[in-house]
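K.L.:
Quick one, fold the following:
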Amino acid sequence: MIALLLILIPLITGVIAFFIKDEKQVKTWSFVVALASLTVMTFGLLTPDNPDQKIFLAEWLPQLGSSFALQMDGLSSVLCLLTVFSYPLIFASTWKSKYASPNIFYGLMLLTQAGLLGVFLAADGLLFYFFWELALIPVYFLCSKWGGEKRIAVTIKFFIYTFVGSLLMLVGLIYLYYQTTDASFSMQSLYEVKLTVNQQAWLFWLFFIAFAIKMPVFPFHTWQPDTYEQSPTAVTMVLSALMVKMGLFAVVRWLIPLVPAGVIMFDHVVISLSVIGMIYASILAMQQDDLKRLVAYSSIAHIGLMSAALFVNNESGLQGAMIQFFSHGVNVLGMWIVVELIERQFGTRKMSELGGIAQKAPALAILLVIVALANVALPLTNAFVGEFLMFNGLFKFNVWYAAIGGLSIILSAVYTLRMIQKVFYGNENEVTAKTVDINWYEKASLAVIVVAIFVMGVYPKPVFALVQETVTMILGIFK
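P.N.:
Next up, the predicted model:
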């Protein structure tokens with residue numbers, strides 16, 4: 001029942017939000033709904049001995065062999081927790097942002113949350129595809145209506161990329177459906193399909209391209225920086241902290257169990273592309289003056305490492321990647337909150353136009369430095385745990401991949417420290433002369449991020465426990 005509630009709460013309340021015309025009321029409504037989802041998820045995590053609460057099965061499309069099947073296992077729990085943890089912070093940190101037709105904006109944001117949670121909980125192939133699209137469609141409208149000057153061209157590019165990927169995935173699912181013995185889209189039936197190596201080879205690319213676009217992995221990444229730059233920051237937070245996890249999660253939940261022979265056949269290709277993307281994105285991040293584009297390229301680099309680690313076929317790499325799903329979401333959300341606060345106060349995201357902010361906004365500077373250092377995986381922060389395990393797994397798989405990919409650690413330190421120095425230190429200028437520190441609820445939003453960073457960095461055991469079952473299952477496929 002908890003699995004169903006997690007989807008129904010934002011789905012129903014998102015529809016209701018369309019009818020709340022008052023801006024303050026719809027903001028309050030959305031924030032309260034986000035807290036309600038977090039409360040339900042917390043209750044689910046505190047009742048691990050009642051699996052019936054985390055499974056839901058109902059008739060949906062019996063003619064097609066598809067049921068409304070939801071399953072909350074450990075990995076799903078991690079990503080559902082990340083989603084419901086992020087939404088209250090997104091709404092709180094963007095409280096002062098003004099949107100035309102705010103009821104439609106917040107209604108679409110809640111529908112996106114419902115789609116995301118559905119993706120992480122679906123235990124039926126057709127239902128998974130349904131929620132995959134439900135998560136994406138509201139984002140098209142959010143970007144095209146409330147984005148920047150180039151939003152239309154950017155949204156069309158985003159639509160083409162994701163539509164092609166979704167179509168490829170649908171073709172793969174339909175083909176697998178016809179190979180099942182009971183004409184079913186159920187996850188278990190699809191897992192049990194017997195495929196030849198050649199069948200797995202071409203099915204691998206149908207699914208991988210769809211998931212790689214969503215992550216995104218080089219060279220399927222070109223939609224991402226423009227979309228992040230042109231989208232409203234609240235939408236960018238959802239895209240960067242949560243939506244990219246759809247592709248990574250799908251690799252674990254669907255790609256590897258469905259076509260393990262294809263994974264073995266093309267693991268070096270995927271890891272090579274991922275490592276290239278890490279270095280390429282890190283170099284581009286060093287060249288950026290716009291804070292949004294810097295964080296966007298930084299995110300591509302981190303996603304590349306997670307993508308590579310999922311294909312190394314050892315426990316260290318898989319554990320690290322799954323833990324990093326959560327850590328990356330927390331850290332990049334913190335980065336986007338800081339970008340939003342800076343742009344709202346100074347009207348610019350260009351580092352060359354900023355400087356000296358720390359003198360009059362010490363709280364913002366201290367919180368940003370902590371989040372930024374977590375982003376470069378400083379020991380005792382959450383990202384250190386995942387990155388250490390991922391590089392260890394990559395080293396066990398191939399020392400050269402680890403050595404080349406490890407250069408991204410140095411590069412990330414360079415562009416992150418450069419960003420801190422140019423934005424927060426040095427001399428004030430005309431733009432930053434009237435700097436004021438952030439208010440209490442903005443401090444609270446970043447403080448929650450900082451607490452999560454240190455708690456996860458010092459005591460990651462609960463997340464290890466949640467993902468261990470999935471790690472064991474994946475390793476068992478290849479034995």
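K.L.:
and the helix or strand containing Glu442, how far from the chain's centre?
P.N.:
Using DSSP states H and E, Glu442 sits in helix 440-458. Relative to its chain's centre, helix 440-458 lies at 18 Å (CA atoms, centre = their mean, to the nearest Å).
K.L.:
Now do it: everything it contacts.
P.N.:
85, 89, 92-93, 95, 326-327, 330-331, 333-334, 337-338, 341, 363-364, 367-368, 370-371, 374, 379-385, 438, 463 (CB atoms under 8 Å, 6 or more residues apart in numbering). Backbone N, C-alpha and C define where each C-beta goes, glycine included.
K.L.:
Quick check: PyMOL command selecting the buried ones in those.
P.N.:
Here is the PyMOL selection string for the buried members of these, based on 16 or more other CB atoms under 10 Å:
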select buried, resi 85+89+92+93+326+327+330+331+333+334+337+338+341+363+364+367+368+370+371+374+381+382+383+384+385+438+463
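K.L.:
so where do the helices sit in the stretch 51-200 of the chain?
P.N.:
For the stretch 51-200 of the chain, applying DSSP state H, counting those that start in this stretch gives helices covering 74-93, 102-121, 125-146, 151-179, 187-191, 197-214.
K.L.:
Just want the angle from the helix or strand that the helix holding Glu442 is followed by to helix 440-458.
P.N.:
Counting by DSSP H and E, the next helix or strand C-terminal to helix 440-458 is helix 461-477. Angle of helix 461-477 versus helix 440-458, following axes from the mean of the first three to the mean of the last three CA atoms, to 10 degrees, is 50 degrees.
K.L.:
residue farthest from the centroid of the protein?
P.N.:
Ranking residues of the chain by C-alpha distance from their mean position (CA atoms, centre = their mean) puts Glu430 at the top, at 36.5 Å.
K.L.:
which SS state does that one fall under?
P.N.:
Here Glu430 takes the coil state, with states given by DSSP: H, G, I helix; E, B strand; the rest coil.
K.L.:
Go through the helices of the stretch 51-200 of the chain and pick out the most buried.
P.N.:
Of those, the one with the most neighbours on average (mean count of other CB atoms under 10 Å) is helix 102-121, at a mean of 26.
K.L.:
just to revisit the earlier point, tell me the phi and psi of the residue farthest from the centre of the chain?
P.N.:
Backbone geometry at Glu430, expressed as degrees, to the nearest 10, gives phi -60, psi -30.
K.L.:
One more: Thr181?
P.N.:
phi -80, psi -20.
K.L.:
From Gln188, how far out is it?
P.N.:
According to CB to CB, to the nearest Å, Thr181 and Gln188 sit 11 Å apart.
K.L.:
Val238: neighbouring residues, count only.
P.N.:
Here the count is done by other CB atoms under 10 Å, and Val238 has 27 residues near it.
K.L.:
and Val423, which of the helices of the stretch 51-200 of the chain is closest to it?
P.N.:
Evaluated with CB to CB, the helices of the stretch 51-200 of the chain place helix 74-93 nearest to Val423, the distance being 17.4 Å.
K.L.:
Grab the nearest non-local neighbour of Val15.
P.N.:
Closest residue to Val15 apart from its sequence neighbours, by CB to CB, 6 or more residues apart in numbering: Gly107 at 6.8 Å.
K.L.:
List the contacts of the one you found.
P.N.:
With contact set as CB under 8 Å, 6+ apart, Gly107 has these partners: Gly14, Val15, Ile16, Ala17, Phe18, Val26.
K.L.:
Mind giving me the packing neighbours of the helix or strand where the third one lies?
P.N.:
Using DSSP H and E, the secondary-structure element containing Ile16 is helix 2-17. Counting contacts by 3 or more CB pairs under 8 Å, 6 or more residues apart in numbering; DSSP states H and E, the secondary-structure elements packed against helix 2-17 are helix 23-45, strand 55-61, strand 66-71, helix 102-121.
K.L.:
Which one of the ones you listed lies nearest to Val399?
P.N.:
Closest to Val399 of the helices and strands packed on helix 2-17 is helix 102-121 (CB to CB; 34.1 Å).
K.L.:
so the helix holding Ile16 versus helix 23-45, what angle?
P.N.:
Angle, helix 2-17 to helix 23-45, by the same axes, to 10 degrees: 180 degrees.
K.L.:
Please list all residues in contact with Tyr175.
P.N.:
By CB under 8 Å, 6+ apart, the contact list for Tyr175 reads Leu203.
K.L.:
Distance of it relative to Val259?
P.N.:
Here Tyr175 is placed at a distance of 11 Å from Val259 (CB to CB).
K.L.:
residues shared between the contacts of the two?
P.N.:
Leu203.
K.L.:
Can you identify the element that follows the longest helix along the chain toward the C-terminus?
P.N.:
For the chain, the helix that runs over the most residues, judged by DSSP state H, is helix 315-346. Using DSSP H and E, the next helix or strand after helix 315-346 towards the C-terminus is helix 362-375.
K.L.:
Contacts for that following helix next, please.
P.N.:
Here helix 362-375 makes contact (CB under 8 Å, 6+ apart) with 298, 302, 327, 331-332, 334-335, 338, 341, 357-358, 381-383, 412, 416, 419-420, 423-424, 437-438, 443, 446-447, 449-450, 453, 457.
K.L.:
Please report how far Ile256 lies from Phe218.
P.N.:
Taking CB to CB as the measure, Ile256 falls 20 Å from Phe218.
K.L.:
now swap in Leu466 and tell me
P.N.:
In terms of CB to CB, Leu466 sits 29 Å off from Phe218.
K.L.:
one step back: quick check: which of the helices and strands packed on helix 2-17 is nearest to Leu81?
P.N.:
Comparison of the helices and strands packed on helix 2-17 against Leu81 by CB to CB identifies helix 23-45 as nearest, at 5.7 Å.
K.L.:
re earlier: can you say which of the helices of the stretch 51-200 of the chain is nearest to Ser30?
P.N.:
Proximity to Ser30 (CB to CB) singles out helix 102-121 among the helices of the stretch 51-200 of the chain, at 4.4 Å.
K.L.:
Can you name the residues that contact Ala321?
P.N.:
Contact analysis of Ala321 by CB under 8 Å, 6+ apart lists Leu248, Met306, Ala309, Leu310, Gly386, Met390.
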